[in-house]
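Participant: could you look at this predicted model? Sequence included:
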Amino acid sequence: MAFGKIPRFSPSFSPSEAMISARYLLQSGKREEVVGKFEREFARYIGAKHSVMVPSARYGFFLLLKGLGIGPGDEVIIPALTYFAIPAMVPLTGARPVFADIGLRSHVLDPESFRAAITEKTKAVVPTHLFGTPCDMDAINAIAKEHGVQVIEDCAQSTGARYNGVRVGNLGDHAYYTFGLTKNITTLSGAMITTNDDSVYESVRAAIDAGGLTPKRKSAKEAMTGIAMFVATHPWVYWATVHPAVVMGNKMGKDPIHERFGEAERVYDTLPPHYEAQSQPQAVQAAVGLKQLSRIEDLNGARIRNGSSLDDQLGNIAGLTVPEYPGGAEPIYMSFVVHHKKREKLAEALRARGVDTTIGYMNCLSRHELFGAYQANCPNAEEVNANLLHIPVHPNLCKKDVDHMVESIRAACMEVGAN
Ligand SMILES: Cc1ncc(COP(=O)(O)O)c(C=O)c1O
């Protein structure tokens, strides 16, 4: 921390990953060997039988649906507060996304809302371990089993989190993960699916192997961005350059960081051709992934230390709602999400104290115009979407940073008032 300035996130990409990137970008060959090794080690880490590296979680999800034979006339239940690209995949198979509500403070799929959304057409449910918080998987699995519904875990924000001691991704039938530069571990973009089902595995594997190779220049560009993020979030650099730019941008009604890393929300009529054309990963992605996997417990451990400290210190502040976790959930604190009725004012008051926050990239999709044909009543997702604010919780924060944030949040909440 320099002069009390705290960035909203910092990357797990470090000089070691930069060195690995340079080495693998400059050499050729070894692709299948390194990718195979990363897939095997990742499957072992999760405890799954099979894994396949895929270019994105959304495409992995699409291929899992196809592998399960899900198509016209079928329904897939998805939590209403999630990333738009996931429900956007379902109509591409001919099936319908059906939105179910989340817990107001857990932010993850509410088992009873899932139960209420089941019809005789329901083929799968997607428990999304949002913000690093595992869902109530005992309840969800029991309901799914009762109704013959496949469980596809969304672990995009929770790689390494546990539920009753078991890693997410090893709790349902199939799972997907994503490794962008802002995630807890990265493979310079890219993702993974895991499954214990041989025929689903073979179907996903065949689709990926039939596709083209991710261009090396794409990986090189991601590595450059990773290095830039590492430098930009260095305390002195951040204090001298990024923080003033964010403050100035916000004064002009803009959020430059949100705009740089955000993606336009959209749905598709057909599968975008580059999904298949760039489906196989480069060796450099798997090599960076192997390094990150060797560091994941430390990276997640730092998040857990910081997140638990925020849990302990942020209760009992007037106007501020802090998260709650399902019983048995061991979150990795990918995000620390609070609610406040005046979140814009709170964000401004925090920025004035050097703490940068964000509203993030999730949306209430049961009321989103892109999903107009699938509207549903999910009041908790609507309320969370209107009031949420992400407090920094990344691994590069030290105790002093967390204490400074707690002080700042207390003072900012007093300043803006509860209602
Ligand atoms: C919860 C969740 N699911 C799915 C995705 C999609 O991942 P990808 O961009 O790899 O398709 C994201 C992306 O951030 C996410 O946050």
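Facilitator: Yep, it's here.
Participant: residues near residue 370, how many?
Facilitator: Residue neighbour count, defined by other CB atoms under 10 Å, stands at 14 for residue 370. Quick note: C-beta positions are derived from backbone N, CA and C, even for glycine.
Participant: got a list of what it touches?
Facilitator: Contacts for residue 370 (CB atoms under 8 Å, 6 or more residues apart in numbering) come out as 84, 88, 265, 266, 267.
Participant: so the first one sits against residue 363, correct?
Facilitator: In this case it means residue 84. Yes: contact criterion CB atoms under 8 Å: residue 84 and residue 363 qualify, at 6.0 Å.
Participant: going on from the lowest-mean-pLDDT helix or strand in the chain, what's the next piece of helix or strand?
Facilitator: None of the helices or strands of the chain scores lower by mean pLDDT, DSSP states H and E than helix 256-261, at a mean of 83. Once helix 256-261 ends, the next helix or strand along the chain (criterion: DSSP states H and E) is helix 273-277.
Participant: ok, residues contacting that following helix?
Facilitator: Against helix 273-277 from outside (CB under 8 Å, 6+ apart): 55, 56, 59, 62, 207, 210, 211, 212.
Participant: where exactly do the strands run in the stretch 1-150 of the chain?
Facilitator: All strands of the stretch 1-150 of the chain, identified by DSSP state E, counting those that start in this stretch, fall at 50-54, 75-79, 81-82, 96-100, 122-125, 150-154.
Participant: quick revisit: got the contacts of residue 370 as TSV, with pLDDT, distance to residue 77 and neighbour count columns?
Facilitator: Shown next, in TSV, are the contacts of residue 370 (pLDDT from 0 to 100; distance: CB to CB, whole Å; neighbours: other CB atoms under 10 Å):
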residue	pLDDT	distance to residue 77	neighbour count
84	98	16	19
88	98	15	20
265	96	20	16
266	95	22	10
267	95	18	17
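Participant: hang on, the earlier thing: which residues do residue 84 and residue 363 both contact?
Facilitator: Common neighbours of residue 84 and residue 363, counting by CB under 8 Å, 6+ apart, are residue 265.
Participant: for whatever residue of the stretch 301-419 of the chain ends up closest to the ligand, which non-adjacent residue is spatially closest?
Facilitator: Residue nearest to the ligand within the stretch 301-419 of the chain (CB to the nearest ligand atom): residue 361, separated by 6.5 Å. Closest residue in space to residue 361, ignoring its immediate chain neighbours: residue 262 at 6.1 Å, by CB to CB, 6 or more residues apart in numbering.
Participant: about what we covered before: out of the contacts of residue 370, who's nearest residue 51?
Facilitator: The closest of those to residue 51 turns out to be residue 88 (CB to CB; 23.8 Å).
Participant: hmm, back to that, which of the strands of the stretch 1-150 of the chain sits closest to residue 345?
Facilitator: Set against residue 345 and scored by CB to CB, the strands of the stretch 1-150 of the chain come closest in strand 81-82, at 22.6 Å.
Participant: and the closest one, what other elements does it pack with?
Facilitator: Here strand 81-82 touches strand 363-364, helix 379-387, going by 3 or more CB pairs under 8 Å, 6 or more residues apart in numbering; DSSP states H and E.
Participant: that one near the ligand at all?
Facilitator: Yes: against the ligand, strand 81-82 shows contacts by CB under 6 Å from any ligand atom at residue 82.
Participant: and that strand, how far out from the chain's middle?
Facilitator: Centroid separation for strand 81-82 versus its chain: 11 Å, with CA atoms, centre = their mean, to the nearest Å.
Participant: again, but for stretch 136-150
Facilitator: On the basis of CA atoms, centre = their mean, stretch 136-150 sits 23 Å off its chain's mean C-alpha point.
Participant: mean confidence score for that stretch?
Facilitator: Averaging pLDDT along stretch 136-150 yields 98.
Participant: cool, stretch 388-402 as well?
Facilitator: 95.
Participant: so the residue nearest to residue 361 touches residue 360, yeah?
Facilitator: No: Residue 262 lies out of contact with residue 360 (CB under 8 Å); the separation is 9.7 Å.
Participant: who has more neighbours, these two?
Facilitator: residue 360 (16 against 12).
Participant: so what's residue 143 up against?
Facilitator: Counted by CB under 8 Å, 6+ apart, residue 143 has contacts 111, 114, 115, 118, 149.
Participant: how about 7 Å then?
Facilitator: 111, 114, 115 (CB atoms under 7 Å, 6 or more residues apart in numbering).
Participant: ok and the longest helix belonging to the chain relative to strand 50-54, angle-wise?
Facilitator: Looking across the chain with DSSP state H, the single longest helix is helix 283-314. Counting by axes from the mean of the first three to the mean of the last three CA atoms, to 10 degrees, helix 283-314 lies at 100 degrees to strand 50-54.
Participant: what's helix 283-314 packed up against?
Facilitator: Applying 3 or more CB pairs under 7 Å, 6 or more residues apart in numbering; DSSP states H and E, one finds that helix 283-314 contacts helix 15-26, helix 31-46, strand 336-339, helix 399-416.
Participant: tilt between that helix and helix 15-26?
Facilitator: Using the same axes, to 10 degrees: helix 283-314 against helix 15-26 is 160 degrees.
Participant: domain parsing for the chain?
Facilitator: 15-210, 224-267+293-416 (automatic domain parsing).
Participant: please report how far the closest residue to residue 166 other than its chain neighbours lies from the ligand.
Facilitator: Nearest residue to residue 166 in three dimensions, chain neighbours excluded: residue 47, at 7.2 Å (CB to CB, 6+ apart). Separation of residue 47 from the ligand (CB to the nearest ligand atom, to the nearest Å): 21 Å.
Participant: for residue 41, which non-adjacent residue is spatially closest?
Facilitator: Leaving aside its chain neighbours, residue 41 sits nearest to residue 293 (5.9 Å; criterion: CB to CB, 6+ apart).
Participant: residue contacts, the one you found?
Facilitator: Residue 293 sits in contact with 41, 42, 45, 185, where contact means CB under 7 Å, 6+ apart.
Participant: doesn't residue 192 make contact with the second one?
Facilitator: Yes: at 5.8 Å, residue 42 and residue 192 qualify as touching, with contact defined as CB atoms under 7 Å.
Participant: so where's the protein uncertain?
Facilitator: Low-confidence segments of the chain (pLDDT under 70): 1-3.
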